[in-house]
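Undergrad: okay, sequence plus prediction incoming.
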Amino acid sequence: MITPEQETAQARRATSGQADLELKVLVWSDTLMALMALAGIELKRAVSTVPLWLTLSLARLPLWLLLWLSASALGSYWTYALSGSVALGLTALVLNQAVACLGLELMLRALRRRCEFAATRRAWRDYVTAMTPAPAAANVSPPSHERH
């Protein structure tokens, strides 16, 4: 038979559990709203870089052509004229092209990184980690190193 004191204690526990659940739902929804706001900000930032990204991407082809016709040809000719070595002239031609292409690629990768939503992904990962319960540790004694 349940006494009135036990009924009161059970009612308090039920109310306390409901309040904890309501608090968890409130924290979860606030965190989710903050993550959505952060994703919106990063999306606006990424979309604002699209015109510049397209411009730099389209600038690759003319740059490579102009680089081929001007700097590479002139640099390789000067290298050949000063050294008298065809191999050094060809090396200068390839190096001029490689440096220009590398610089453009680095600029495009920097722009691409701005479009990766790193802060949102990091916040989402932290949120999921915080909300995932840790597995219970098993009561396992360490193995003994005694020989029988």
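TA: It's in.
Undergrad: tell me what the longest helix along the chain is packed against?
TA: Criterion DSSP state H: the longest helix present in the chain is helix 4-48. Packing partners of helix 4-48 (3 or more Cβ pairs under 8 Å, 6 or more residues apart in numbering; DSSP states H and E): helix 118-131. Every residue, glycine included, has its C-beta placed from N, CA and C.
Undergrad: look up how far residue 27 lies from the residue nearest to residue 79 when sequence neighbours are not counted.
TA: Using Cβ to Cβ, 6 or more residues apart in numbering and skipping the chain neighbours, the partner closest in space to residue 79 is residue 92 (3.9 Å). Relative to residue 27, residue 92 is positioned 63 Å away (Cβ to Cβ, to the nearest Å).
Undergrad: those two: which has the busier surroundings?
TA: Neighbour comparison, residue 92 and residue 27: the larger count goes to residue 92, with 21 against 12 (by other Cβ atoms under 10 Å).
Undergrad: so who does the more buried one touch?
TA: Residues in contact with residue 92 (Cβ atoms under 8 Å, 6 or more residues apart in numbering) are 72, 75, 76, 78, 79, 80.
Undergrad: just the angle between the helix or strand encompassing the residue nearest to residue 79 and helix 4-48, please?
TA: Residue 92 belongs to helix 86-114 when assigned by DSSP states H and E. Interaxial angle of helix 86-114 relative to helix 4-48 (axes from the mean of the first three to the mean of the last three Cα atoms, to 10 degrees): 140 degrees.
Undergrad: list the buried residues of helix 86-114.
TA: Neighbour-count burial for helix 86-114 flags 89, 92, 93, 96, 97, 100, 104, 111 (criterion: 16 or more other Cβ atoms under 10 Å).
Undergrad: for residue 98, see how far away the residue nearest the centre of the chain is.
TA: Geometric centre of the chain, nearest residue: residue 118, 3.6 Å, by Cα atoms, centre = their mean. The gap separating residue 118 from residue 98 is 29 Å, by Cβ to Cβ.
Undergrad: ok, now residue 109?
TA: Noted for residue 109: a distance of 16 Å to residue 98, by Cβ to Cβ.
Undergrad: so where is the protein shaky, pLDDT-wise?
TA: Along the chain, segments meeting pLDDT under 70 span 1, 6-7, 9-17, 135-148.
Undergrad: contacts only, for the residue nearest to residue 117 when sequence neighbours are not counted.
TA: Residue nearest to residue 117 in three dimensions, not counting chain neighbours: residue 42, with 4.7 Å by Cβ to Cβ, 6+ apart. Taking Cβ under 8 Å, 6+ apart, we find residue 42 in contact with 117, 119, 120.
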